[in-house]
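Engineer: got a predicted structure plus its sequence, pasted below:
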Amino acid sequence: MSVWLIALIKIIVLFAWLMLFALYATLLERKESAVIQDRHGANRASIFGISSFGIFQPFADALKMLFKEDFIPDFADKKMFKFAPVLTFFFSSLVIIAIPFGEPIKIGDKTISLQLINPDIALILIFALSSMSIYGVILGGWSSKNKYAFLGTMRATAQIISYEVALIFSVISLIMVYSSMKLYDIVLFQKAYLWGWLPRWGIFLQPLAFIVFIIAAIAETKRAPFDLPESESEIIGFFVEYSGIRFGVYMLTDFIETIMLSLLITVLFLGGWHIPFIERTGLSANWIKAIEIIGFQIKTFLVFGFLLLVRWTFPRYRFDQLMELGWKTLVPISIFNLIVTAIVIGLL
Amino acid sequence: MRGFLYFFETIKGLLITAKHLIVNSFFHTLNYIFRIKTKRKGSVTYQYPEEKKPLYPRDRTLHKMMFRDDGKPRCVGCMLCVTACPSDCIYVKAEEVDGEKIATTFIVNVNRCAFCGYCVEACPEDAIRMDSGKLDFVGYSTNEMVLNLLKRN
C-alpha cells in the first residue's frame, strides 16, 4: 500500500513541478527575449497592486486563454481536432517519468529514489515517447482540413523524421560509452574523474555527440531556428485553426518539450546532479545529497536558459537548408563519431 | 571548411546575445530589485505612465499663460496671437482694469490648435508659452478641450 502511496505522491509532485516550470517558462521566454533585445518584458500583470516583475503573468495568460472563444471550424474532423493537442501534450510530458532527480533519499527506514520508474530501456523509452508526440501534430494539422495546417504538418513530419536519425546516432555513441541505458546508472558513471581532475561528464567524453544532440534536439522541439512547422511569417503552422485553450495546450507542449530536452541534456551530458569535487569538501552525506538535488535544478534551468538564448539568436532556416543540415551534416558527423567511439572503445 | 566557419559564426552570434543578456540582466537587477540607480539602464524602454521621456526645451506642449507678480495675466489684449494663429483657435477679450488694458478672457480651442507655436512667437509680452510639459491632455467631449488659460490651477 505504501509503495502505491509513494508512487502517487511522486506523480503529483512531478506533474506539479512540470506544470509550474512550463507556466513560468512562458514568462521566462518573454523576459529573456526582452532582456536580450534591451527591453523590459511582461511586468504589468498585478494582483492587488503588486506586480513584482510580472510573476502573475502566466496566470493572466492562462485565464485569457481559458476565456477565449473555443472555435472549431465546420469542415474540421471534430473528434480528431479535439483529441490531437491532448495527444501531443500527453506523450511529451510522459517523458519525465524516467528522469532521475537526485540520489535516493531516506525517510525513516524507507529509501525513496527520486525517479518514478527506472527501466532497463529508459533511453529507448524516452525517445519512443517523445517521437510519439509527432502524432498529435499530424492529427492536428490533418483534421483541421486547412491547406496551411496541412503544409505545417508535412514540414513537421519531414523535419522530425530526418532529425531523429542524427539524434539517435549521437545517443548510440553515448550508450556505447556509458554501457547502460538506465539514466540512473548513466549519472553514476559520470560521477568519476578522468586523470583525477576532469569530471567524467558526457560533454567531455563525447563533445561531438553533444553538439549533434543539441542541434537535432532543438529541431525535434520545433522551435526557432527550426520552427518551420510553425513559421509565423509564411504559413501559420499546423495549429492555424486552433484557438483558446487548445492552442494554449500546443504552446505549452512546446515548452514542455524544451524542458524535457534540458533535463535530458543535464542527465546525459552534464553529469546529472553531480557537482565536481563536492565529495572532497568533507560535508556530511545528507548535505551533499541536498546540494546535489538543488544543483540538478540549477543545471536544468541554465540549460533551459541556453536553449532560449539559441531560440532568440538565430533566424529560421529555409526548408532545403534544414534538410541539408540534417542529412548532409549532422548524420555523417554522428556516424563518424559513432565509428571513432567504437574504435576507441575497442582499443582500450 | 565553410561548415566550420559557419559553426564559429553561430558561436559568435550566441556570444553577442549572451553578452546582451548578462549585461542587461545585471543592470536590471541593480535598478529594479536593489533599487540602485545607475547611469546605464538595462533597457531603452521608458515605462510610460510612471516614467516620462525627458522633453527638449524646443518641444511644443500644451499652452500656458504667464502671470505677473501681482497675479494679473501678462496678456494686454493686443490680439497679435489671434492674428498670427493659422487655425483661428484663440479668443481674447480685454478690459481696462486699474487704468491698464488686461485680458479678462483668454480661450484656446485645443481641438483646432495645430501646435505651430506662432502665437508664442507673436506675443510681445511673453504672456503665452507652450512649455507646460503636458502632452497627455484628454477629454470625453470637444467642449472639454476648449481651455480657459486664465484659470489658474
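Structural biologist: Sure thing, it's come through. Since this is a predicted model, take the numbers as computed values, not measurements. Numbers count the residues shown, from 1 in each chain, chains lettered A, B, ... in the order given.
Engineer: give me the residue from the stretch 101-250 of chain A nearest chain B.
Structural biologist: residue A:211 (8.3 Å; Cβ to the nearest Cβ). Where you see a C-beta, it was placed from the backbone N, CA and C, and this is true even at glycine.
Engineer: separation between that residue and residue A:201?
Structural biologist: Distance of residue A:211 to residue A:201, given as Cβ to Cβ, to the nearest Å: 15 Å.
Engineer: list the buried residues of the helix or strand hosting the residue of the stretch 101-250 of chain A closest to chain B.
Structural biologist: Counting by DSSP states H and E, the element that carries residue A:211 is helix A:207-220. By neighbour count with 16 or more other Cβ atoms under 10 Å in any protein chain shown, helix A:207-220 contains the buried residues A:208-220.
Engineer: export the residues you listed as TSV, with columns for pLDDT.
Structural biologist: TSV is the format used below for the buried residues of helix A:207-220 (pLDDT from 0 to 100):
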residue	pLDDT
A:208	89
A:209	90
A:210	91
A:211	89
A:212	90
A:213	91
A:214	90
A:215	89
A:216	90
A:217	88
A:218	89
A:219	88
A:220	85
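Engineer: now render these as a markdown table, adding distance to residue A:132.
Structural biologist: Output for the buried residues of helix A:207-220, formatted as a markdown table (distance: Cβ to Cβ, whole Å):
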| residue | distance to residue A:132 |
| --- | --- |
| A:208 | 28 |
| A:209 | 24 |
| A:210 | 25 |
| A:211 | 26 |
| A:212 | 22 |
| A:213 | 19 |
| A:214 | 22 |
| A:215 | 22 |
| A:216 | 17 |
| A:217 | 16 |
| A:218 | 19 |
| A:219 | 17 |
| A:220 | 12 |
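Engineer: averaged pLDDT, the helix ranked longest in chain A. What do you get?
Structural biologist: As assigned by DSSP state H, the longest helix anywhere in chain A is helix A:2-36. Averaged over helix A:2-36, pLDDT sits at 88.
Engineer: enumerate the residues of chain B near chain A.
Structural biologist: With Cβ under 8 Å from any Cβ of the partner chain as the criterion, chain B meets chain A at residues B:3, B:10, B:13-14, B:16-18, B:20-21, B:24-25, B:28, B:32-33, B:42-45, B:47.
Engineer: first-to-last residue distance for stretch A:29-49?
Structural biologist: Using Cα to Cα, to the nearest Å, the end-to-end distance of stretch A:29-49 comes out at 24 Å.
Engineer: just so I have it, where are all the strands in chain A?
Structural biologist: Shown for chain A, the strands assigned by DSSP state E span residues A:105-107, A:110-112, A:193-194, A:198-199.
Engineer: now chain B
Structural biologist: Using DSSP E, the strands of chain B run over B:64-65, B:90-97, B:100-109, B:128-129, B:146-148.
Engineer: pipe these into TSV and attach mean pLDDT and mean neighbour count per row.
Structural biologist: What follows is the strands of chain B, written out as TSV (pLDDT from 0 to 100; neighbours: other Cβ atoms under 10 Å in any protein chain shown):
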stretch	mean pLDDT	mean neighbour count
strand B:64-65	89	18
strand B:90-97	89	15
strand B:100-109	89	17
strand B:128-129	90	20
strand B:146-148	88	15
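Engineer: okay, now residue A:173: neighbour count?
Structural biologist: Residue A:173: 26 surrounding residues under other Cβ atoms under 10 Å in any protein chain shown.
Engineer: what's the answer for residue A:283, then?
Structural biologist: Using other Cβ under 10 Å, residue A:283 has 13 neighbouring residues.
Engineer: list the contacts for it?
Structural biologist: residue A:291 (Cβ atoms under 8 Å, 6 or more residues apart in numbering or on different chains).
Engineer: then residue B:65?
Structural biologist: Counting by Cβ under 8 Å, 6+ apart, residue B:65 touches B:73, B:74, B:75, B:106, B:127, B:128, B:149, B:150.
Engineer: quick check: residue A:160 touching residue A:134?
Structural biologist: Yes - with contact defined as Cβ atoms under 8 Å, residue A:160 and residue A:134 form a contacting pair (5.0 Å).
Engineer: which parts of chain A sit against chain B?
Structural biologist: Checking chain A against chain B by Cβ under 8 Å from any Cβ, the hits are A:32, A:34-40, A:53, A:309-310, A:312-314, A:329.
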